[in-house]
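Colleague: using only what follows, build the 3D model:
(one chain, ligands or ions: 3)
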Amino acid sequence: MTELAQWLSQQPVDSELGSVIASMAAAGAEIVDMLEQAPIEGLVGLVGSVNVQGEEQKQLDVISNDIVLKHLRQNPAVSILVSEELDEAVHMENQGAYMVATDPLDGSSNLDVNVTVGTIFSVLRANGGLTQPGTAQLAAGYIAYGPATTLVVTVGSGVAVFTLDKNGAFQMTHENVRVPEASAEYAINTARERFWDAATKGYVAENVAGESGAAGKRYNMRWIGSMVADVHRILMRGGIFLYPLDSETASKGGRLRLLYEANPMAMVMEQAGAAAITGRERILDIVPSGIHQRVPVILGSSEEVRRVEAWYAKG
Ligand SMILES: O=P(O)(O)OC[C@H]1O[C@](O)(COP(=O)(O)O)[C@@H](O)[C@@H]1O
Ligand SMILES: [Mg+2]
Ligand SMILES: [Mg+2]
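Modeller: Residues are numbered from 1 along each chain as shown. Ligands and ions are numbered 1, 2, ... in the order given. Okay, here's the model as predicted:
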């Protein structure tokens, strides 16, 4: 079995960048320890504050953010942290070369019901400024806290999957994962149908029509409500995830955040042979206007993403 540290030493990245990924892995191992004990320790519910996005923070969001911050502060290679849970970027005392953007706990609505949640991360050069496009990412990935704790990481040469063992080490369980180009599974919050644009309505209607629709095949639908869990399913067996711009999220630019949700997931997808767009453009090409910018996200099996793109091209 290849351990994370060994794999990192074989990648075309310097040891400092490798150490940043190792710090995120260590933070993930600590977060899952905390999550496993949270119901016993009564760490449930809201803290009573809202984050910069106006969303209510759960206790576990705040604790997870503190854990990530602690691990990154201890790493001299990291000088900047951008987090969903912090209004402003944190500039550390270290003058390290790297910046990390993170969603410390993704899928908060699933926390109190014991459904998979995760930590998402993106690593960039600190001297590139806070608002670099996704193409500038040097590494990205996520840790999914499900039946197994899974670290998915890319440094720009494919995607590797590691599983946390009983001794606290991440062991490689998949190398060079490829997302199937074709799929018959889609993920979208259909309760929002009344807000959808014509492209989303058209694409989903074709899928619902199954064999008699334009795609000519029967589709299945899955929506976990944790981006990490939905993306991980797509990484392992194909499919498409849509959180499109709709009439309710339009004024905010979308639902999901560019720096620490869309960009890292888009890099993972592209590195696994899949695609990630807003509908009209490639996510990784967007130049952010702010650290908490939101964007529409459509990602997954390339044939499905191209179908959605064709719908957007129509109007
Ligand atoms: O509430 P909805 O519409 O199902 O949205 C679910 C989406 O929101 C998110 O939970 C947002 O992430 P956070 O939990 O980090 O705020 C995604 O993980 C998920 O895909
Ligand atoms: Mg999230
Ligand atoms: Mg979150």
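Colleague: now do Cys162 against Leu17, distance only.
Modeller: To be clear, residue 162 is Phe; Cys isn't right here. 17 Å (Cβ to Cβ, to the nearest Å). Glycine gets a C-beta too; all of them are placed from N, C-alpha and C.
Colleague: looking at those two, which is more packed in?
Modeller: Taking neighbours as other Cβ atoms under 10 Å, Phe162 and Leu17 compare with Phe162 leading, 26 against 20.
Colleague: pretty sure the more buried one sits in a strand.
Modeller: Yes - using DSSP: H, G, I helix; E, B strand; the rest coil, the assignment for Phe162 is a strand.
Colleague: which non-adjacent residue is nearest it?
Modeller: Phe170 (3.8 Å; Cβ to Cβ, 6 or more residues apart in numbering).
Colleague: what about that neighbour, neighbour count?
Modeller: 27.
Colleague: what mean pLDDT does stretch 106-122 have?
Modeller: Regarding stretch 106-122, the rounded mean pLDDT is 94.
Colleague: which residues does Val78 contact?
Modeller: 20, 23, 72, 92, 94, 96, 98-100, 126 (Cβ atoms under 8 Å, 6 or more residues apart in numbering).
Colleague: which bits of this structure sit near ligand 3?
Modeller: Remark: the part of the chain in contact with ligand 3 comprises 84, 103, 105-106, using Cβ under 5 Å from the ion.
Colleague: residue in the stretch 201-315 of the chain nearest to ligand 1?
Modeller: Nearest residue of the stretch 201-315 of the chain to ligand 1, counting by Cβ to the nearest ligand atom: Met227, 3.5 Å away.
Colleague: from ligand 1, how far out is the residue in the stretch 1-150 of the chain positioned nearest to ligand 2?
Modeller: At 3.4 Å from ligand 2, Asp106 is the closest residue in the stretch 1-150 of the chain, using Cβ to the ion. Asp106 sits 4 Å away from ligand 1 when distances are taken as Cβ to the nearest ligand atom, to the nearest Å.
Colleague: try Ile120
Modeller: Relative to ligand 1, Ile120 is positioned 8 Å away (Cβ to the nearest ligand atom).
Colleague: looking at this, that residue is in a strand?
Modeller: Yes - residue state for Ile120 (three-state DSSP) corresponds to a strand.
Colleague: quick one: it and Tyr260 touch, right?
Modeller: Yes - under the criterion of Cβ atoms under 8 Å, Ile120 lies in contact with Tyr260, with a separation of 5.7 Å.
Colleague: overlap in contacts, these two.
Modeller: Counting by Cβ under 8 Å, 6+ apart, the residues touching both Ile120 and Tyr260 are 102-103.
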